[in-house]
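[1] Generate coordinates for the sequence data below:
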Amino acid sequence: QVQLVESGGGLVQTGGSLRLSCAASGRTFSSYAMGWFRQAPGKEREFVAAISWSGGSTGYADSVKGRFTISRAIAKNTVYLQMNSLKPEDTAVYYCAAQPGSGRYYTRVIEYGYWGQGTQVTVSS
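    Below you'll find the model as predicted:
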C-alpha cells in the first residue's frame, strides 16, 4: 500500500516556475514507478511525466518536454515535478500516481493503482 500527498501548487505568472512534491508513505516506495498527471476543468486527466522505480527512465508529454523535469529522492520517499516556463494552458489540478514497477514507467491513467488528492496549479497570463 502506498499513500500519496501532493504539495507545491499555487498561482504563478506566465513564464514562472513551480516545484511540485509528492510524499509517499509505505515501505516499498522504492519499487514503485511514479507519474504526474493533470486535469483541467471539463477535460480528461492527461499524462504529464513519469519515472521508473530506479529513476533511470523518464518520460514526458510532448506539451511539457523541455520545460518540466521529474525526479525522485528515494531516501525521502518523494517525487518532484519541476515546472519551468509555465504557460496558461498548464493550469490544472496536478495528481501524483504510483504503481509497482519492473524497471519501466507508465503513461496511462489506467496503469496506476494509487493516486494523491491533487494540487492546484494556476498560471496567469
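
[2] going forward, measure contacts and count neighbours with C-alpha atoms only.
    Noted.

[3] what about the residue nearest to the spatial centre of the chain, which helix or strand?
    Among the residues of the chain, the one closest to the centroid is residue 36, at 2.3 Å (C-alpha atoms, centre = their mean). Using DSSP states H and E, residue 36 maps to strand 32-39.

[4] Which secondary structure elements does that strand sit against?
    strand 46-51, strand 92-100 (3 or more C-alpha pairs under 8 Å, 6 or more residues apart in numbering; DSSP states H and E).

[5] which outside residues touch that strand?
    The contact list for strand 32-39 (C-alpha atoms under 8 Å, 6 or more residues apart in numbering) reads 45-53, 79, 81, 92-107, 109.

[6] Who does that strand pair with, and is each partner parallel or antiparallel?
    strand 46-51 (antiparallel), strand 92-100 (antiparallel) (DSSP bridges).

[7] Pull the first one out as PDB, backbone CA atoms only.
    In PDB, the C-alpha atoms belonging to strand 46-51 read as follows (Å, rounded to 0.1, in the frame of the first residue of the first chain):
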ATOM      1  CA  GLU A  46      -3.800  13.600 -19.000                       C
ATOM      2  CA  PHE A  47      -0.300  12.300 -18.700                       C
ATOM      3  CA  VAL A  48       2.500  14.800 -17.800                       C
ATOM      4  CA  ALA A  49       5.600  12.900 -16.700                       C
ATOM      5  CA  ALA A  50       6.700   9.600 -15.300                       C
ATOM      6  CA  ILE A  51       9.700   7.900 -13.800                       C
END
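
[8] quick one: buried residues of whichever helix or strand comes after that strand?
    Next helix or strand after strand 46-51 toward the C-terminus (DSSP H and E): strand 58-60. By neighbour count on 16 or more other C-alpha atoms under 10 Å, the buried set for strand 58-60 is 58, 59, 60.

[9] ditto for stretch 12-29
    Quick answer for stretch 12-29 (16+ other C-alpha under 10 Å): 12, 14, 17, 18, 19, 20, 21, 22, 23, 24, 29.

[10] Touching, the second one and residue 125? I think so.
    Yes. With contacts counted by C-alpha atoms under 8 Å, residue 14 reaches residue 125, the gap being 5.4 Å.
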